[in-house]
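K.L.:
Just to be clear, the model below is a prediction. Sequence and coordinates:
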Amino acid sequence: MNGLPARRLLLVHAHPDDESINNGVTMAKYAAEGAHVALVTCTLGEEGEIIPPELAHLAADRDDTLGSHRIGELGLAMAELGVTDHRFLGGPGRYRDSGMMGTEQNHRPGAFWAADVDEAAAHLVEVIRELRPQVLVTYDPQGGYGHPDHIQAHRVAMRAAALAGEKAYRRDLGEPHEIAKIYWNRVPRSVVEEGFARLRAAGADVPFPAVGSPDDVPGVVPDEQVTAEIGDEGEKYAAAKAAAMRAHATQIAVDGAFFALSNDLAQPLFTREYYELVAGRPGVPAGEREHDLFAGVGV
Ligand SMILES: [Zn+2]
C-alpha cells in the first residue's frame, strides 16, 4: 500500500480557483476528517482576467506572469482548506490555459485544449495509481459551462480513470487501480434559484456593480439529477471555503455570502456542494441523496 489514510479523494480541475469555488467545503471537510485529499490542476490559469488593478501587469498580454502568481494563490488556498497534496498535471506549466472558447489561444502550442487526451491522461494515471483514490471528482462533459480547459479536464480525468484500471496499460506508471466512485460537480436548479433570490433580496447591500444570473453558475441541473450533497452543518467549513476563494485574489472577490469573478457579477457563495454519481454504486437506496462521497466503498 502507499501509506496514505484509508479514505482517499482525488479532484481534477482546470485552473487554480475552480477547486475552491466548486469543492472548498468538501475538500476542507474530508481533510479535517483525516482523509487524503489530493488536487490535480491541469493548467496555471495564465489567461485569466485580473481583478486587482495593481496586479494587472501580470496578464498574458503584458508580463505574462499570471501563471506563477497563481501557483502562489493556490498554495494559500490549499493551506486554508488543510489540503497538502496539490499538483499540476504533468508538472507546473506543462499545459497552458487555453483561454475562452473560440479564441486563438485555444490552439497555441502547449494549450491544454490542444493536448492529446491520452498523453495528458497518462500523467494522471500515474497519480491515480500512486494515490489509489476510492473517489474521483471532476466536471461533466460540458465542463460545467463550456470552457475548453474544463471540457478537456473532464475528458482527461475520465480517460485516466479508465486507463488506470486497465491491467495491460503502462505498468511503468504503477499497479492498476480501479476507482470505486466517480462524481461530476453539479448544482441543483432550485438551489441556484434560491441563491439568486437571496442575492436580489439583499439588493443595495451587495457590494458588486451588478447581479449575475443562474446561467453564470456551472453544472446546474434539475434537482433529481443530483445524487450527493455535502453539507456544512454549523457552517464549520464555510469560512475555510470563503478564505480559500479569497486567496485566489486575482480571480475572485468575496464579500460575505456572495462573490464575483472578473466580470463583477455577484453570485451566491454556496456552502453546500452537490454531485452526480456517474460511475460506481451509490451508498444509499435509490431515490435518496448520499451525504458522504465514500458511502458504500467499505472504508
Ligand atoms: Zn476554470
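P.N.:
Happy to help now that I have it.

K.L.:
May I see the buried residues of the host helix or strand of Ser190?
P.N.:
Using DSSP states H and E, Ser190 maps to helix 189-202. Neighbour counts using 16 or more other Cβ atoms under 10 Å place 189, 191-192, 195-196, 199, 202 of helix 189-202 among the buried residues. All C-beta spots, glycine's among them, are computed from the backbone N, C-alpha and C.

K.L.:
what do you get for stretch 72-83?
P.N.:
73-74, 77-78, 80-83.

K.L.:
Select, from those residues, the two members most distant in space.
P.N.:
Using Cβ to Cβ, the two most remote members of the buried residues of stretch 72-83 are Glu73 and Gly82, lying 16.6 Å apart.

K.L.:
Can you find the helix or strand of this protein with the lowest average pLDDT?
P.N.:
Using mean pLDDT, DSSP states H and E, strand 210-211 stands out as the lowest-scoring helix or strand of the chain, at a mean of 91.

K.L.:
Which helix or strand lies directly C-terminal to that one?
P.N.:
According to DSSP H and E, the helix or strand after strand 210-211 is strand 220-221.

K.L.:
Within the sheet, what are the partner strands of that next one, with directions?
P.N.:
strand 181-188 (parallel) (DSSP bridges).

K.L.:
In the stretch 1-150 of the chain, what residue spans correspond to strands?
P.N.:
Ranges of strands in the stretch 1-150 of the chain, per DSSP state E, counting those that start in this stretch, are 8-13, 36-41, 85-88, 135-138.

K.L.:
Identify the residues contacting the residue in the stretch 1-150 of the chain that the ion sits nearest to.
P.N.:
Nearest to the ion, among the residues of the stretch 1-150 of the chain, is His15, at 3.6 Å (Cβ to the ion). His15 makes contact with 41-45, 48, 70, 97, 149 under the criterion Cβ atoms under 8 Å, 6 or more residues apart in numbering.

K.L.:
any weak-confidence spans in this structure?
P.N.:
1 (pLDDT under 70).

K.L.:
ok, 90 please
P.N.:
For the chain, the stretches flagged by pLDDT under 90 are 1-2, 144-145, 202-207, 215-216, 231-236, 256, 286-287, 298-299.

K.L.:
what residues does it put near the ion?
P.N.:
Within the chain, the positions adjacent to the ion are 14-15, 18 by Cβ under 5 Å from the ion.

K.L.:
So the nearest residue in space to Gly24 that is not next to it in sequence, which state does it fall into?
P.N.:
The spatially closest residue to Gly24, leaving aside those adjacent along the chain, is Lys241, at 3.1 Å (Cβ to Cβ, 6 or more residues apart in numbering). On the three-state scheme (DSSP: H, G, I helix; E, B strand; the rest coil), Lys241 is labelled helix.

K.L.:
Wait, Lys241 touches Leu269, no?
P.N.:
Yes - between Lys241 and Leu269 there is a contact at 7.4 Å, judged by Cβ atoms under 8 Å.

K.L.:
of those two, who's got more company?
P.N.:
Lys241 (29 against 20; other Cβ atoms under 10 Å).

K.L.:
List the contacts of that one.
P.N.:
20, 24-25, 28, 81, 269, 271.

K.L.:
Quick check: helices, which of these are part of them?
P.N.:
Those of the contacts of Lys241 mapping onto helices are 20, 24-25, 28, 81, per DSSP state H.

K.L.:
picking that back up, do you know how far the residue nearest to Gly24 is from Pro53?
P.N.:
For Lys241, the distance to Pro53 equals 26 Å [Cβ to Cβ, to the nearest Å].

K.L.:
picking up where we left off before, make CSV out of the residues of the chain next to the ion and add distance to His107.
P.N.:
Below are those laid out as CSV (distance: Cβ to Cβ, whole Å):
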residue, distance to His107
Ala14, 17
His15, 18
Asp18, 22
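
K.L.:
From start to finish, how long is stretch 30-47 in a straight line?
P.N.:
Taking Cα to Cα, to the nearest Å, the first and last residues of stretch 30-47 lie 31 Å apart.
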